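Asker: Got a predicted structure plus its sequence, pasted below:
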Amino acid sequence: MKSMTLFYNLKTKEIMKVLKFGGTSVGTPDNLRMVRDILSAGKKEKQVCVVSAFGGVTNLLHECSDMAASGDESYQQLLEKIEARHLETVKELLPVKNQSGTLSTTKILLNDLEDIMKGIFLIGELSPRSLDRVLSMGETLSSTIIVDFLNSEGITTAWGDTGSMIKTDSNFNNAIVDFSVTDQNIKDFFENSVDLVICPGFVSSNSQNVTTTLGRGGSDYTAAILAAALDADTFEIWTDVSGMMTSDPRAVSSAHPIEKISYQEAMELSHFGAKVIYPPTIQPALNKNIPIKIKNTFKPEDAGTTISADSNGSKQFVKGLSSVKNIALLNLSGSGMIGIPKFSFRLFKALSEAKVNVIIITQASSEHSICVGIDANDVAASKEAIEEEFQFELSLHKVNPLEVEEGLAIVALVGDRMRDHVGISGQMFASLGENGVNIKAIAQGSSERNITVVIEERHLRKSLNVLHESFFLSERKRLNLFLVGIGNVGGTLIKQIAEQREYLSENERVDLRIVGIANSKKMYFDEDGIDLTQWKELLTGSDQDMDNQGFIQSIQDMNLRNSVFVDNTASEEIAGLYNDILSKNISVVTPNKIACSSSYEKYQELKNTAREFKSKFYYETNVGAGLPVITTLSDLIKSGDKIRRIEAVLSGSLNFIFNNFKAGANFADVVRQAGKEGYTEPDPTIDLSGVDVMRKILILIRESGIKAELSDIKSDPFVPADCMAATDVEDFYSRLENHNEHFQTLLSNADKKGARLKVVASYENGKASVGLREISKDHPFYILEGSDNIVLFNTSRYEHQPLVIKGAGAGAAVTAMGIFADIMRIANS
Ligand code: ADP
Ligand code: ASP
Ligand code: MG
């Protein structure tokens, strides 16, 4: 009795470690040397190491058997490739003197494989049983080669025949383990084994010793079965990423490893597509309360993820997101279903008998319909089974014909602590809705550990990124920008963005990417973000001609989250596309005044569309360039203030012209000068006709809540009608010269009164007007310099002293800055 206790104590002193290395980790000789180093570092412990087939080999074996079964003789070439891969690995890994033994065992195995494959070819059939025999060869080959490699490196290693130890039923390709026999076999084998044993993963056998397999990805499970049977102290899964990540790193580039996660959370995530761990792996470890560590073979120093009973250490309500592609929804509905309890039972029985795995279920409380999500490959089998089961009810029209919708995907949010927090599903639906993702079905378990939605598969990547951004606070919000019009303002905007990107990423956690640019000739796109150091060359060299509709179509086709269309043109055609753009959940930012100053109906339609589709429509630079005129006005209105009077100088170009027009000067020369300095439109009549100012005051009064049209704005022309009748710009200048006296008279009349000339827009008592006014010394407009703008708002709250906004009202730098600010408002919304 005493000696038994002593023996027991000695055993518990030994640290038992189970490790598993996946396909990529053992995929090349270089990678295998890293595996060797990891195993050497653990030599003080007793190590049981499960390995996968060399990366990609299982898929190749599958492909090869399919070819053979279909009578395609070129399976032989593929087989030769598989053979060469293994033989070359042996030659590269082992010193020449040690190679012959390994080469001959490897060749024996490969000959076996050749024979099986030939059999499949001759019979022209691939049964699940033969497939398991073929696929098992991947792990048998890799594990035997690795044993010889480690021994040749002086690390004493034995091979453990897990294929014989793990006993299953005869459900080939996805066998169920008989734990009572298996656990005992494992204990017996390892009782006297050496300190390092390499075992093939994935492979098992039935009671007649026929090879079975544990399902694709099953090497993880093999390791878990061993860890549980041996009461392992440590269980590590070594793979090609640094742990279980917040989302699939191939879909979400900012996904990051989760430090700690509970068994249940890991189970949910893996069940819904986090391929990093094969779902059945968790159960054996959970039963024995053995923590699972997921580690990166290529970055062993990274902490990785610990899966254990305790998930705390994180305040994160949502732990991770995962997804499953290729989903179909089946919807069974009909009046005959109401209140008949056996209905759902019969539906699930039919599906279960057809061996269809139901992934999600939703049922409305009226019980009028049941909706199930399944793998799209199971649609035909499901349809047949359901139609047969409900044949009678279908014939009586008590049940409607089964509705099937394909091309779908599942996205799931997972976290034990989601139940402690209200509003998570609301946040999930809102983030998806704002990005135009329609939710087809929703399921939430009562444990609230998982919220699952079904969406169209084409939206999957965008959805994962949107949700990742929304739920992981450390996240940078990415905006994808599409710019048309790359002139003075557009070019300056690109420069400003290029200069500020790093600052915004660091300080505002906003990642601005320009994904599309266009001028009137060319357009250019780069989904990963255009290199802003050479956007000009990229645009000029682009092989895509600009086409407005085509540009918008490309934005839609890319289907990126947080897409923003920035229109820096003055084009009426492009302004005409805003409604369509906004209805595709793409936001619009623009200095182009045409849309907001066209008919009131159009203006209102754009606002409504933006509201309905949760896209943003911002146009601060329509008035006063970068000055915060529209946002201020909107804040006043939203907070309940009433606008009584607006008085404003809203044209930087006209202000520049009248400030520089002195007694004796030629008015036409001053206008020319303003043009040269970039203050006027290329066609100065747009400024001098007063239309530009009329549009601006119209936008301001509309923003104040007044329903008005451009024709409601009274305008007193100050340029003689003869000038406005000019046929082109040069003609306009020569006509201006002829009328210089008219302008001199206007100036001297003002001078006599000690006043200055300003083009003023005003609004009071429902009436707005624009005209040239003589501004006396005591008026705030008198000292308005250069191209400045000024706006005075008299409101119920700013009753005696108006609220004043003043500053540069024209110029590329300030206009670009105003557009930039609108873009940032979208980023922060
Ligand atoms: P192994 O061959 O080592 O078993 P797998 O290819 O089966 O590796 O699983 C690792 C891969 O799982 C990663 O390379 C990654 O692309 C993918 N993956 C999907 N979802 C996740 C996730 N949430 N966390 C980590 N990896 C994930
Ligand atoms: N080699 C098998 C597969 O690729 C098992 C595994 O690697 O886990 O599915
Ligand atoms: Mg795997």
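Answerer: On my side now, so go ahead. Ligands and ions are numbered 1, 2, ... in the order given.

Asker: need the residues of the chain near ligand 3, please.
Answerer: Contacts of the chain with ligand 3, taken as Cβ under 5 Å from the ion, map to G22, G217. No exception for glycine: its C-beta is placed from N, CA and C like everyone else's.

Asker: can we see that at 8 Å?
Answerer: G22, G23, S52, G217, S219, D220, T239, K275, V276, I277, Y278 (Cβ under 8 Å from the ion).

Asker: ok, and which of the residues you listed reach ligand 2?
Answerer: Restricting the residues of the chain next to ligand 3 to those adjacent to ligand 2 (criterion: Cβ under 6 Å from any ligand atom) gives G22, G23, S52, G217, S219, D220.

Asker: quick one: the third one and L141 touch, right?
Answerer: So that's S52. No. Judged on Cβ atoms under 8 Å, S52 makes no contact with L141 at a distance of 11.1 Å.

Asker: what's near enough to touch the closest residue to ligand 1 within the stretch 601-750 of the chain?
Answerer: Here the residue of the stretch 601-750 of the chain nearest ligand 1 is K614; by Cβ to the nearest ligand atom that distance is 28.2 Å. Going by Cβ atoms under 8 Å, 6 or more residues apart in numbering, K614 touches A430, G433, E434, N585.

Asker: Repeat that for P249.
Answerer: Counting by Cβ under 8 Å, 6+ apart, P249 touches V241, A255.

Asker: 6 Å - rerun?
Answerer: Residues counted as contacts of P249 (Cβ atoms under 6 Å, 6 or more residues apart in numbering) are A255.

Asker: Check which helix or strand it maps to.
Answerer: P249 is located outside every helix and strand, with elements delineated by DSSP states H and E.

Asker: Not counting the helix or strand harbouring I826 itself, show me its contacts.
Answerer: For I826, the enclosing helix or strand under DSSP H and E is helix 812-827. For helix 812-827, the external contacting residues (Cβ under 6 Å, 6+ apart) are 477, 479, 488-489, 492-493, 496, 510, 564, 587, 589, 591, 616, 618, 620-621, 625-626, 808.

Asker: Report the buried members of the residues you listed.
Answerer: In the contacts of helix 812-827, burial by neighbour count holds for 477, 479, 489, 492-493, 496, 510, 564, 587, 589, 591, 616, 618, 620-621, 625-626, 808, counting by 16 or more other Cβ atoms under 10 Å.

Asker: follow-up on the earlier one: what comes up buried for the helix holding I826?
Answerer: 812, 814-824, 826-827.

Asker: What is the longest helix of this structure by residue count?
Answerer: When the chain is parsed with DSSP state H, its longest helix is helix 96-123.

Asker: For this protein, give me the ranges with low pLDDT.
Answerer: 1-13, 311-315, 339-341, 364-367, 445-446, 473-475 (pLDDT under 70).

Asker: Looking at the stretch 101-250 of the chain, which residue is nearest ligand 2?
Answerer: The nearest approach of the stretch 101-250 of the chain to ligand 2 comes at S219, 3.3 Å away (Cβ to the nearest ligand atom).

Asker: what about L141, distance to V203?
Answerer: 11 Å (Cβ to Cβ, to the nearest Å).
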